[in-house]
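K.L.:
here is a sequence together with a model predicted from it:
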Amino acid sequence: MKSFHSQYIITLLPIFAFFIFSGNAEAQSLAYKALLSTLYDTDFPVLKPSQVTDLSEYQILDTREKEEFEVSHLKGAEWVGYNTFSMENVAELDKNQPVLVYCTVGARSQGIGKKLKDVGFKEVYNLYGGLIEWVNEDKPIFQGNSPTKKVHTYSQSWGIWLTKGEKVY
């Protein structure tokens, strides 16, 4: 993430809070989109949940920490971590096949996605809005092989963006 993001988020937080606590889901969605625009680099490709019609078309990498992954994840996702990430975690992946990276909101996954591009992965996409947006759009998540509604939202402050599902911190 860029260095000014934290200050920018702190400055905008009261505005976002107004939208959230107003109870207007559309306003919250606009606020979430505004927040995401501060986190993403415009030159890194994203896929919105609605654009992902078949997860089996991707090598799916969960870039969150292990305890987050164990709460829930996308079907078929492989945990690679963020703080513990190394290229050894992805050594067996095909660099010519599309990769979909995700985390809670898309910031950590973008960082891992850039590392993958740097070592020659041809098609790497960041899941727009991360797991939060995925669940908010009624897409399924799993704990192991079983469907679940639980979403590890990283923290309570990020959890405010989850409008569907059960928040776990």
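P.N.:
Great, that's in hand. Numbers count the residues shown, from 1 in each chain.
K.L.:
going by C-alpha atoms from here, please, whenever you check contacts or count neighbours.
P.N.:
Noted.
K.L.:
number of residues surrounding residue 92?
P.N.:
The local packing of residue 92 (other Cα atoms under 10 Å) involves 8 other residues.
K.L.:
what's the answer for residue 115, then?
P.N.:
The number of residues near residue 115, taken as other Cα under 10 Å, comes to 15.
K.L.:
gap between residue 37 and residue 92?
P.N.:
Going from residue 37 to residue 92 by Cα to Cα, to the nearest Å gives 32 Å.
K.L.:
what about residue 132, which helix or strand?
P.N.:
Per DSSP states H and E, residue 132 falls inside helix 130-136.
K.L.:
contacts for the very next helix or strand once past that helix next, please.
P.N.:
As assigned by DSSP H and E, the chain's next helix or strand after helix 130-136 is strand 141-143. With Cα atoms under 8 Å, 6 or more residues apart in numbering as the test, strand 141-143 has contacts from 70, 71, 72, 73, 74, 75, 135, 147, 148, 149.
K.L.:
hmm, back to that, may I have the helix holding residue 132 exported as PDB, CA atoms only?
P.N.:
Extracted as PDB, the C-alpha positions of helix 130-136 are listed here (Å, rounded to 0.1, in the frame of the first residue of the first chain):
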ATOM      1  CA  GLY A 130     -11.900  -9.300  -1.200                       C
ATOM      2  CA  LEU A 131     -13.800 -11.800   0.800                       C
ATOM      3  CA  ILE A 132     -16.000  -9.100   2.200                       C
ATOM      4  CA  GLU A 133     -17.300  -8.100  -1.200                       C
ATOM      5  CA  TRP A 134     -17.600 -11.700  -2.300                       C
ATOM      6  CA  VAL A 135     -19.900 -12.500   0.700                       C
ATOM      7  CA  ASN A 136     -21.800  -9.200   0.400                       C
END
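K.L.:
my guess is residue 122 contacts residue 100. True?
P.N.:
No: if you go by Cα atoms under 8 Å, residue 122 and residue 100 don't touch, sitting 11.7 Å apart.
K.L.:
for residue 119, grab the count of nearby residues.
P.N.:
Residue 119 has 10 neighbouring residues, counting by other Cα under 10 Å.
K.L.:
please renumber the chain so that the first residue is 124 from this point on.
P.N.:
Okay, using 124 as the starting number, the last item reads as residue 242.
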